[in-house]
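> Here is the input, now give the coordinates:
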Amino acid sequence: EVQLVESGGGLVQAGGSLRLSCAAASGFTFDSYTIAWFRQAPGKEREGVSCISYSDGYTYYADSVKGRFTISRGNAKNTVYLQMNNLKPEDTAVYYCAAEPDPPLGVPTAHAYGYWGQGTQVTVSS
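A predicted model of the protein is given here:
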């Protein structure tokens, strides 16, 4: 079973930066998985933010974060990062990472991912 652990959330002022990490627990590696970041703000649906295919490096970004967020793979094949720059108050949400062996390309959709972390809160103050 894939166990995912997110970290790196926190409180930051608008214009600031945070780096989220998604780590696979128990020696699991992401070699054949696509890892996605989702976020969910209060009262809103879970939104696909970005994803990366670990095998070939394919990436996707939602328009709302393009140019500000960067997703990347760690060297140990068990970590994915989401570097978030120029944060805005509307980026405030719980951020989740998710994994799936062969999801559809393009915008990540929650129903296509079977493995989820517990989430980490990101709060951006104005």
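> and the gap between the spatially most central residue of the chain and residue 27?
Nearest to the mean C-alpha position of the chain, by C-alpha atoms, centre = their mean, lies residue 37 at 2.3 Å. Separation of residue 37 from residue 27 (C-beta to C-beta, to the nearest Å): 22 Å. C-betas here are computed from N, CA, C, even on glycine.
> quick one: which helix or strand includes the residue nearest to the centre of the chain?
Element membership for residue 37, per DSSP states H and E: strand 34-40.
> Show me what that strand is packed against.
Judged by 3 or more C-beta pairs under 8 Å, 6 or more residues apart in numbering; DSSP states H and E, strand 34-40 is in contact with strand 18-24, strand 47-53, strand 79-84, strand 93-100.
> Need the contact partners of the first one.
Looking back up the chat, that one is strand 18-24. 2-10, 12, 30, 35, 37, 78-84, 87, 95, 97, 99, 117, 120, 122 (C-beta atoms under 8 Å, 6 or more residues apart in numbering).
> List the strands paired with that strand, with their directions.
Strand pairing for strand 18-24, determined by DSSP bridges: strand 4-7 (antiparallel), strand 79-84 (antiparallel).
> any idea of the mean pLDDT for it?
Strand 18-24 comes out with an average pLDDT of 97.
> before we move on, back to that, whichever of the contacts of strand 18-24 end up buried, select them in ChimeraX.
The ChimeraX selection below is limited to those of the contacts of strand 18-24 classed as buried (16 or more other C-beta atoms under 10 Å):
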select :2,4,6,8,9,12,30,35,37,78,79,80,81,82,84,87,95,97,99,117,120,122
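> I figured residue 50 hits residue 64, correct?
No - assessed by C-beta atoms under 8 Å, residue 50 is found out of contact with residue 64, at 10.3 Å.
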